[in-house]
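In: Sequence plus predicted model, see below.
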Amino acid sequence: MRPLILLCLSLFSSLAFAGLDPHLSRFAPYLDKTWRGEFANSTPERPMVDVSRWESALQGKAIRIRHSLNQGE
């Protein structure tokens, strides 16, 4: 059952990128991924974390990047 679910998920993700504008195809490896980075001056008492999420938008004609610093503090 698990391989079937993984197969369906991979098919749906490839269909999502099929609608991406050809001019944006170079960004396809970054889409639907979340990136997290810690700042150099981050400490356990005062953590500094940047999180960005890349998504396809406007029916594949644009890319939306959402940033969050310290979860919006």
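Out: The structure has been received and is ready for your questions. Quantities reported herein were computed from a predicted structural model and do not represent experimental measurements.

In: any idea how far the nearest residue to F39 once chain neighbours are set aside is from E38?
Out: Closest residue in space to F39, ignoring its immediate chain neighbours: M48 at 3.7 Å, by CB to CB, 6 or more residues apart in numbering. Heads up, the C-betas are built off the backbone N, CA and C, glycines and all. Noted for M48: a distance of 7 Å to E38, by CB to CB, to the nearest Å.

In: Kindly report the same for D21.
Out: Where E38 is concerned, D21 sits at a distance of 33 Å (CB to CB).

In: Likewise for A57?
Out: Applying CB to CB, the value for A57 to E38 is 27 Å.

In: Which parts of the protein are strands?
Out: Ranges of strands in the chain, per DSSP state E, are 33-38, 49-57, 62-69.

In: now for those strands, which one comes closest to R26?
Out: Closest to R26 of the strands of the chain is strand 62-69 (CB to CB; 10.5 Å).
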